[in-house]
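S.K.: For reference, the sequence and a predicted model appear below.
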Protein chains: 2
Amino acid sequence: MMKRIYNFNAGPAMLPLEVLQEVQSELLDLQGSGMSILEMSHRAPIYEKINAEAEADIKELLGLGDDYCVLFMGGGASLQFSMVPMNFLGAGQTAAYAVTSNFSDKAVKEAEKVGKVVIPFSSKAEKYDRVPQPGEIRLPENCAYLHITANNTIEGTEYSVYPETGAVPLIADMSSDILSKPIPAEKFSLIYAGVQKNIGPAGAVAVIARKKFIEGRSKALHSMLNYETHLDNGSLYNTPPAFAVYIVGKVAKWLKAQGGLVMMEQRNAAKAKIVYDVIDMYPDFFRGFAKTGSRSLMNVTFGLPTEALEKRFAVEAEELGMGGLKGHRSVGGLRASIYNAMPLAGCEKLAEFMEAFYKIHK
Amino acid sequence: MMKRIYNFNAGPAMLPLEVLQEVQSELLDLQGSGMSILEMSHRAPIYEKINAEAEADIKELLGLGDDYCVLFMGGGASLQFSMVPMNFLGAGQTAAYAVTSNFSDKAVKEAEKVGKVVIPFSSKAEKYDRVPQPGEIRLPENCAYLHITANNTIEGTEYSVYPETGAVPLIADMSSDILSKPIPAEKFSLIYAGVQKNIGPAGAVAVIARKKFIEGRSKALHSMLNYETHLDNGSLYNTPPAFAVYIVGKVAKWLKAQGGLVMMEQRNAAKAKIVYDVIDMYPDFFRGFAKTGSRSLMNVTFGLPTEALEKRFAVEAEELGMGGLKGHRSVGGLRASIYNAMPLAGCEKLAEFMEAFYKIHK
């Protein structure tokens, strides 16, 4: 018998059941082609349409026009940590990185292999408990770009307002909150996101960028590491991670059917509130990690009075059909990742369990 | 109703039906976990086991021991064109590339961005109709490695004997014949293969390498582009293309169940012979592209007397349930890709159709 749990994993993470069922039903024969999406040439008209529609639907969700592109590639967000400075950090320039997580820190380390980096904001000393507030970031002279980590999966923090950078390009890693809420997308020159948290399975990264920002890259760049190669070939320079793109396309259509990003934000905010409310009601027991103004709608992080209790909490939750609540190995504690596909009922069930657990162990 | 064709696509390509059916049956709930493989953390014990077994099974099929590793990463073989020279072409060294296809040529172009390259063999002037024969390659002084393209998908040529390189590391792109036959795997310092032809769907590359060859890479390399990062982390440095690895693992088990690579070679040779025999019987009509000693067991390429006939052949074959027979856009003609998963019956059906088509149009 099929079993389905509430999956609070941080990524890869829960996907909409409707999407999975559709994938399952057409897995042996896609659209009467007599083959699986897993067996289909990326030059086949069916796949070209999947690729084009995924791009168009993401742009529609974000309200972007023809001056933007959506590219799909492999290698994950971690490869983007290198591609961004390789492509955009020129000699004599300085790249600015707001460091709000160990992932921002990893991005810095790769950028330093390319050129000069400054860090105008870091919450490392406070274990990354917050993101910068408006006006807090001062950019250096001759700044190539400002790089931010929009949502910090491990720590559970998220920007609600993005930094103003004027003429300096703004680049964001949105791996863990992509398409979870409306954003002023045109403020960004480039957004990248590993798709495996909010919009797909592991194996692809979506790059959403202003075309003009990408055009004119150096010919000395390696082909696969040059954004312009992917732009010029509509994500089909080499064999793309086709199955992941196919699922991202289905998720984008699912998001549109749910009412788009305005509706998703309402739903995501309501979901997060249910969990944060319990934390705020019993703050001596549930120790919220993120500073209040930096709380993430995607990852709710908290500790309990003892490690033994945290372990017990995760085990008992699992027995009740709620998986993946253990915090990241680097910070410990507990974490509920409640991306787009997590239903409200999952958050309600978690909140009820938190209350019951509190009453027994307070 | 489900329709399944004989899929002669060059890649992504046919997968064993049993594997697809297994994937389909467990797509919503993997091993009672209550979640799909598409939703599962790459740190979960179930996935760690999938990853470890895929590595072990591939090593077992190739007869390799603990001194070799199998790594899975994203970016496709095209990214390997860059990673190989970045990792192994040192200052003052020369890399040798045997150029037997436009893919070898692409590999050369990326290597030239890193350092000095020589081409001890090229069949470019003959449109890549053959691979080098034993003794035909002379390596340069201070040679970092020799890079070969083991099977040339577009042209339909394949090495049956690999070059002797003595102490010089031998590196091969085996994207289109990986695990299709027994090979002297220990001759190779590193083999890479996009998995989407013989052993999986698009989205992952398998790197099979001698551990000692990978150890000791420069710290200046970008983390994701450094083979040692992936070795040190057992392919789990960042979120891997998990679904592709999961299918590769199933295909590896399927290959073992078929009797391993000795059996696969017998079967693949028998399949190819059926098609080549028709070509050889009517050589004025079916114009085999590859020189006889270089013929591929994986991709059978041929032309017909006119382009109009070639087009008609592909269309009529499609109507009979044989898809993907059009040659690559760069060379035209026809191509039957008959990887591991193509059953003998598919080649028989194709050969019958070739005979019938000949009799009508000769």
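M.R.: Happy to help now that I have it.
S.K.: what separates the closest residue to A:Tyr162 other than its chain neighbours from B:Lys49, distance-wise?
M.R.: Take A:Tyr162 and drop its neighbours on the chain: the residue closest to it by Cβ to Cβ, 6 or more residues apart in numbering or on different chains is A:Lys187, 6.0 Å away. Every C-beta, even on glycine, is put in place using the N, C-alpha and C of the backbone. Applying Cβ to Cβ, to the nearest Å, the value for A:Lys187 to B:Lys49 is 44 Å.
S.K.: And A:Arg329, by the same measure?
M.R.: From A:Arg329 to B:Lys49 the distance is 19 Å (Cβ to Cβ).
S.K.: Kindly report the same for A:Ala220.
M.R.: A:Ala220 sits 43 Å away from B:Lys49, going by Cβ to Cβ.
S.K.: repeat for A:Pro16
M.R.: Using Cβ to Cβ, A:Pro16 is found at 27 Å from B:Lys49.
S.K.: the more surrounded of these two?
M.R.: Just comparing A:Pro16 and B:Lys49: by other Cβ atoms under 10 Å in any protein chain shown the higher neighbour count belongs to A:Pro16, 18 against 12.
S.K.: doesn't A:Val251 make contact with the more buried one?
M.R.: Yes: contact criterion Cβ atoms under 8 Å: A:Pro16 and A:Val251 qualify, at 6.7 Å.
S.K.: Which neighbours do these two have in common?
M.R.: Shared between the contact lists of A:Pro16 and A:Val251 (criterion: Cβ atoms under 8 Å, 6 or more residues apart in numbering or on different chains) are residues A:340-341.
S.K.: Bridging across strands, which residues link to the nearest residue in space to A:Ala77 that is not next to it in sequence?
M.R.: In space, and not counting its chain neighbours, A:Ala77 is closest to A:Gly194: 4.1 Å by Cβ to Cβ, 6+ apart. Note on A:Gly194: beta-bridge partners A:Val205, judged by DSSP bridges.
S.K.: which residues sit in contact with A:Gly194?
M.R.: Contacts of A:Gly194 by Cβ under 8 Å, 6+ apart are A:11, A:76-77, A:175, A:202, A:204-205, B:239.
S.K.: swap in A:Ile214?
M.R.: Listed by Cβ under 8 Å, 6+ apart, the contact partners of A:Ile214 are A:69, A:87, A:190, A:227-228, A:231.
S.K.: and the residue lying closest to it once chain neighbours are set aside, how many neighbours does it have?
M.R.: Distance criterion Cβ to Cβ, 6+ apart; nearest residue to A:Ile214, sequence neighbours excluded, is A:Tyr227 at 4.5 Å. For A:Tyr227, the count of nearby residues is 26 (other Cβ under 10 Å).
S.K.: these two touch, right, A:Tyr227 and A:Val207?
M.R.: Yes: the criterion here is Cβ under 8 Å, and A:Tyr227 meets it with A:Val207 at 6.8 Å.
S.K.: Would you mind listing what in the stretch 201-350 of chain A touches chain B?
M.R.: A:201-204, A:220-225, A:237-244, A:247, A:321, A:323-324, A:329 (Cβ under 8 Å from any Cβ of the partner chain).
S.K.: Take these and, keeping just the buried ones, write it as a PyMOL select command.
M.R.: The following PyMOL line selects those of these that are buried, judged by 16 or more other Cβ atoms under 10 Å in any protein chain shown:
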select buried, chain A and resi 201+202+203+204+221+222+223+224+225+237+238+239+240+241+242+243+244+247+323+324
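S.K.: Let me see the ranges of the helices in the stretch 201-350 of chain A.
M.R.: Secondary structure of the stretch 201-350 of chain A by DSSP state H, counting those that start in this stretch: the helices cover A:211-214, A:227-232, A:242-257, A:260-281, A:307-319, A:344-361.
S.K.: Now A:Thr157: closest residue in space, sequence neighbours ignored.
M.R.: Closest to A:Thr157 by Cβ to Cβ, 6+ apart is A:Ser294, at 4.2 Å.
S.K.: With A:Ile183 instead?
M.R.: A:Leu62 (7.0 Å).
S.K.: Pull the contacting residues for that neighbour.
M.R.: With Cβ under 8 Å, 6+ apart, A:Leu62 has these contacts: A:68, A:179, A:183, A:185, A:208, A:261.
S.K.: Now, of those residues, which are buried?
M.R.: A:68, A:179, A:183, A:185, A:208, A:261.
S.K.: So what's the residue count around A:Gly135?
M.R.: 9.
S.K.: quick one, phi/psi of it?
M.R.: Phi and psi for A:Gly135, reported as degrees, to the nearest 10, are phi 90, psi 0.
S.K.: wait, what's in contact with it?
M.R.: Contacts for A:Gly135 (Cβ under 8 Å, 6+ apart) come out as none.
S.K.: gap between it and A:Val161?
M.R.: 10 Å.
S.K.: mind listing what the closest residue to A:Ala242 other than its chain neighbours touches?
M.R.: Using Cβ to Cβ, 6+ apart and skipping the chain neighbours, the partner closest in space to A:Ala242 is B:Ala202 (4.5 Å). Applying Cβ under 8 Å, 6+ apart to B:Ala202 gives the contacts A:38, A:42, A:239-243, B:11-12, B:76, B:194-196, B:244.
S.K.: what's next to stretch A:302-317, contact-wise?
M.R.: A:279, A:284-289, A:323, A:325-327, A:332-335, A:350, A:353, A:357, A:361.
S.K.: just checking, which of these belong to strands?
M.R.: A:287-288, A:323, A:334-335 (DSSP state E).
S.K.: just curious, which of those residues is nearest to chain B?
M.R.: Comparing the ones in strands among the contacts of stretch A:302-317 against chain B with Cβ to the nearest Cβ places A:Gly323 closest, at 6.6 Å.
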